[in-house]
Each structure stands twice: as structure tokens, then as C-alpha cells.
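[1] no sequence for this one, just the structure:
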């Protein structure tokens with residue numbers, strides 16, 4: 001049996017992979033991470049035995065999909081996005097309630113991380129998994145490894161000092177900032193979204209900073225010919241160019257999509273030496289699949305930016321006619337046949 005592990009029912013790329021599996025006479029099952037947050041479940045750890053029950057029509061029943069002998073595709077889990085603000089203790093003022101909400105959120109997140117890590121470890125104990133659980137990569141460690149395998153990386157500064165940022169700008173002419181961890185996304189109750197984008201940092205903005213700032217990541221601003229989103233699947237690369245520089249809205253961060261005049265995207269072939277270096281990087285990270293972001297600069301350099309183990313691939317598959325959904329389905333079938 002093949003089992004797709006994802007966050008909800010609303011992931012289009014996952015649905016398309018499952019459709020291909022059905023088309024190829026497989027019967028994939030789906031485990032939704034969100035169900036472990038919104039529906040009843042139980043885990044029983046007994047001497048010599050483990051049992052997981054999940055909700056089916058309101059009744060807890062043994063979940064056969066969690067049998068570790070199945071073939072698993074770890075697509076996504078769930079987004080920890082709980083709004084904890086309702087504290088009825090009238091002795092607390094507004095500021096204390098906010099502090100308590102932050103502390104409670106952090107505690108619940110840690111509780112869930114312990115459970116999630118156990119579940120992922122339990123499900124990925126065989127060699128029939130597309131990625132081993134939900135691998136979280138450290139952006140700084142990845143840059144370090146990329147440099148070790150001789151990929152070109154942007155000059156990067158992590159600091160809490162305004163003076164260091166000022167000196168960095170003087171040396172680099174133009175710089176950007178982006179999160180040290182993953183990009184931030186929050187959707188409020190009214191469906192409004194708040195997103196952290198890569199932003200340019202100017203001398204005027206630096207002058208307005210306090211002497212000591214929150215720990216932040218800065219990089220040289222790369223003068224791009226085009227950007228590259230590269231989908232990787234167990235030894236094969238599927239690159240797509242993004243011509244983001246012809247639109248002022250997308251020059252710094254192509255995710256500031258222009259829906260009226262979208263960026264042109266085309267298929268691309270990476271040089272063999274770049275593929276070999278990327279392969280080495282991804283093997284060291286123990287990733288069988290991932291999305292890689294790179295840029296090709298005006299001085300003809302391929303510069304590695306970052307890797308995302310669960311990055312979106314539909315945006316690469318369709319413009320480039322790669323049919324990645326079918327390729328992933330075929331890979332899952334090959335793992336299923338090993339079971």
C-alpha cells in the first residue's frame with residue numbers, strides 16, 4: 001500500500017499525484033496531519049506493541065495506513081497556526097495576556113513537535129519512503145555545505161549590530177534581508193494574509209535602526225539575469241527559469257506575483273557540473289526530493305540560494321511540461337512494489 005502524508009485535503013499537487021496513482025491501478029491512502037490537530041486520535045504504546053487510532057465518521061478505529069511496512073510519501077504535515085488569546089483571568093492586564101498567549105503557544109508547539117517527531121520516525125523506519133519524515137533544513141548549515149561542495153553562494157551576514165550592517169552595505173553596494181528560518185505566512189480569520197518577503201535594505205533604513213537590532217540575516221543583492229527553481233527527484237533535476245527582472249514588482253522577490261503580467265517561465269538545462277554539485281549537496285542532506293532556488297547572475301555565475309524539502313512543484317511541472325505529478329506517482333509505485 002502507498003500512503004500519502006499531507007496537511008489537508010486541499011493540496012492540489014498531492015491530489016494530482018493521487019489521481020495518477022489511481023489511473024495506474026494503485027489505491028493510495030492519505031494521512032492528513034491536520035486530522036491530528038482537529039479530530040480525535042489516540043496512540044497506545046504497550047510492551048512489544050504500538051497502536052494508532054484515528055477518527056472515522058466520529059469513531060476511533062485502528063489506522064492500518066500507519067503500518068510502517070507501507071510505502072510513504074512525506075509531502076507536508078500541518079501548519080501550526082493556532083490563535084491563543086482567550087484567557088478568562090480578569091486579574092491579567094492586556095500585556096500579560098499577550099505574554100501568556102505567546103508562552104502557551106510555544107509550549108503547545110513543543111508538545112506537538114515531540115508527538116510529530118515520533119509519528120514521523122515510526123512511519124519512516126523502512127527504505128520505502130520518499131524522504132525520511134519531514135526533514136527540517138537549517139538554512140545556514142545548507143549554505144555551509146553548499147560552499148563545501150563548491151557551489152557559489154551569496155555573501156551572507158548574520159548580526160544584531162547596526163554598524164555591521166552599515167559596513168556590509170558599504171562593501172556590497174546593495175543588500176537584502178530575508179528570514180534565517182523559513183518564510184513567514186499567517187492567514188487571519190478574515191482570510192487576510194501576512195507574508196515575509198525578501199526585501200532590499202537601504203542606507204536610510206539602516207540609519208533609522210537602533211544600535212542593537214534583532215538577530216537578522218543579510219545578503220549581497222545579486223544582479224540577476226534570471227532565477228531558477230529546480231525540482232529534484234532522486235537523481236533527476238527539473239529546472240525552470242523565472243524571468244523576474246523585467247518587472248519591478250518581482251525583481252527582488254519573484255513571489256510578489258504580478259497576476260496581470262506574470263513572469264515568463266521556461267524549461268532549462270543545468271550544466272553537468274552544477275548538477276553534480278547539487279547532487280552532492282542533496283545527498284549530504286539525505287533528501288530524495290526537494291526544490292532548489294538559484295539565480296544566474298549578469299556576470300555569468302550560478303548562485304545557490306536555498307533548498308526546501310517540501311517546496312511546491314506544480315509551478316514547475318506545468319509551465320515546463322515535465323509531468324512531475326506522474327513521475328512522482330511512478331516513483332511511489334516503485335517503492336510500493338518493494339513492500
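    That came through fine. These numbers were taken from a predicted model, which means no experiment stands behind them.

[2] so which elements touch whichever strand or helix holds residue 99?
    Residue 99 is part of helix 94-123, with elements assigned from DSSP states H and E. When contacts are defined as 3 or more CB pairs under 8 Å, 6 or more residues apart in numbering; DSSP states H and E, helix 94-123 packs onto helix 35-38, strand 71-74. Quick note: C-beta positions are derived from backbone N, CA and C, even for glycine.

[3] out of these, deepest packed?
    Sort the helices and strands packed on helix 94-123 by mean neighbour count, taking mean count of other CB atoms under 10 Å, and strand 71-74 sits at the top with a mean of 25.

[4] so what are the sheet partners of it and their directions?
    strand 2-6 (parallel), strand 129-130 (parallel) (DSSP bridges).

[5] just name the most buried of these.
    Highest mean neighbour count among the strands paired with strand 71-74 (mean count of other CB under 10 Å): strand 2-6, a mean of 25.

[6] could you give the angle of the next helix or strand after that strand to strand 2-6?
    Downstream of strand 2-6, the first helix or strand assigned by DSSP H and E is helix 12-23. Calculated by axes from the mean of the first three to the mean of the last three CA atoms, to 10 degrees, helix 12-23 forms an angle of 170 degrees with strand 2-6.

[7] buried sites along helix 12-23?
    Neighbour counts over helix 12-23 (16 or more other CB atoms under 10 Å) mark 13, 14, 16, 17, 18, 20, 21 as buried.

[8] what is the nearest of those residues to residue 338?
    Lowest distance from residue 338 to these (CB to CB) belongs to residue 21, with 15.6 Å.

[9] settle this for me: the closest one is touching residue 331, isn't it.
    No. Here residue 21 does not reach residue 331: they are 10.7 Å apart, not a contact under CB atoms under 8 Å.

[10] can you redo the helices and strands packed on helix 94-123 as a markdown table with distance to residue 234 and mean pLDDT?
    Below are those laid out as a markdown table (distance: least, CB to CB, whole Å; pLDDT from 0 to 100):
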| stretch | distance to residue 234 | mean pLDDT |
| --- | --- | --- |
| helix 35-38 | 28 | 78 |
| strand 71-74 | 12 | 82 |
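
[11] just send the ones you listed back as a markdown table, with distance to residue 150 too.
    A markdown table is the format used below for these (distance: least, CB to CB, whole Å):
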| stretch | distance to residue 150 |
| --- | --- |
| helix 35-38 | 42 |
| strand 71-74 | 29 |
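
[12] between these, which gets nearest to residue 109?
    Here helix 35-38 is closest among the helices and strands packed on helix 94-123 (CB to CB), at 11.6 Å.
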